[in-house]
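*Asks:* A structural model of the following input is requested.
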Amino acid sequence: MKHSDHVQAVAHHTSAAASSPVAASWRRCLTVHGLSPEEARSPLRLSEQEFRAAREKSGHLIEEAQGELDRLFSTVGKAGCCLLLTDENGIALERRGASGDDNDFRGLGLWSGTIWSEASVGTNGIGTAIADERAVVIQRDQHFLSCNTALSCATAIIRDHRGQIAAAIDISTCREDAGEMAMLLLSQAVRDAASRIEANLFRRAFNGARILLVPADSKSNPGLIAIDRDDLVLGATRAARLKLNLDDRRIASGIPAADLLNETPIGQGEDLLDAERAALRRVLSRASGNVSLAADTLGISRATLYRKMKKLSVN
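*Replies:* Now for the predicted structure:
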């Protein structure tokens, strides 16, 4: 059976679409985007002006991703892979590829300024990852368009500091020997890179705040929360939001990080004493234990500082 006939047959069965993410994507391509699997369709391409505008809009993303893109490409580039960074709409903003492979990848549309959404080219790594909001591997005949069945793609999404989809990072290859195990390894590499870029974006958004790591189970990445000097949560990554049941409303209400992380003191009325003790220890630490210097910093006498140290059991 031809690939296009197989796609049509599977996509028209609602039971298949309900049980398979790929079949569900094929069905979207047919019923929502009005595509046909047999058409020789290239990805839509932005004009130079549109491309410059897209890059300008995502300037912070490109800046924070550069190092990870270079690091990832140094690992997979010699294996005949192409690397793309897109925005949340699937627009390819940055590309890495070996010059010897450029003609093949350019012919397939894996180039800066192209749009790899499902609406543009059907089921593919980038478009389907964005549509499903998860990392995906789309191998050869899992693509919707017959003209893309030479490709195998591993893609991960990147979320912004509020947990919303901001980008996607993709590794694509035309190698016929790119089997399931090889694609799983590429998928792990691209997910790790996406996680680091996401952390870079989060730290950038909360520059100057304290960043705490939220442990996760073995099936998910650790989360990050940003807190201010009063221990109130300023923001959280998607992983942290899921782990701690956080949303924008709870964050805006000013929830203490200690409450989220189950670090609230057992005794009642101890919070102020604990806060004063912590502040005093910080001042003494910065003064390298010099009580006179610490007292001057606080604007109090040495005698007063000694009384506070005794009261708070600070040695």
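*Asks:* switch to C-alpha atoms for all contacts and neighbour counts from now on
*Replies:* OK.
*Asks:* Are there helices or strands packed against the least confident helix or strand in the chain by mean pLDDT, and which ones?
*Replies:* Sorting the helices and strands of the chain by mean pLDDT, DSSP states H and E puts helix 14-19 at the bottom, at a mean of 77. With contacts taken as 3 or more CA pairs under 8 Å, 6 or more residues apart in numbering; DSSP states H and E, helix 14-19 sits against helix 3-11, helix 21-31.
*Asks:* Helices of the stretch 101-250 of the chain, start to end?
*Replies:* Taking DSSP state H, counting those that start in this stretch as the criterion, the stretch 101-250 of the chain carries its helices at 102-108, 118-121, 125-132, 180-205, 238-244, 248-252.
*Asks:* re earlier: of all the helices and strands packed on helix 14-19, which gets the most neighbours per residue?
*Replies:* With neighbours defined as mean count of other CA atoms under 10 Å, these peak in mean count at helix 21-31, which reaches a mean of 22.
*Asks:* So what touches that one?
*Replies:* 7, 10-12, 16-18, 35-36, 118-119, 122-123, 128, 142, 144 (CA atoms under 8 Å, 6 or more residues apart in numbering).
*Asks:* Show me which of the residues you listed is closest to residue 203.
*Replies:* The closest of those to residue 203 turns out to be residue 128 (CA to CA; 27.7 Å).
*Asks:* contacting residues for the closest one?
*Replies:* Going by CA under 8 Å, 6+ apart, residue 128 touches 25, 117-118, 136.
*Asks:* Now with 7 Å, please.
*Replies:* Residues near residue 128 by CA atoms under 7 Å, 6 or more residues apart in numbering: 25, 118.
*Asks:* Is it possible to get CSV of the helices and strands packed on helix 14-19 that adds mean pLDDT and distance to residue 296?
*Replies:* Listed next are these as CSV, based on pLDDT from 0 to 100; distance: least, CA to CA, whole Å:
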stretch, mean pLDDT, distance to residue 296
helix 3-11, 92, 75
helix 21-31, 95, 65
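*Asks:* Those helices into a markdown table, with extra columns for distance to residue 311?
*Replies:* Below are the helices and strands packed on helix 14-19 laid out as a markdown table (distance: least, CA to CA, whole Å):
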| stretch | distance to residue 311 |
| --- | --- |
| helix 3-11 | 73 |
| helix 21-31 | 63 |
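*Asks:* ok, residue 300 - how many residues close by?
*Replies:* Neighbour count of residue 300, defined by other CA atoms under 10 Å: 12.
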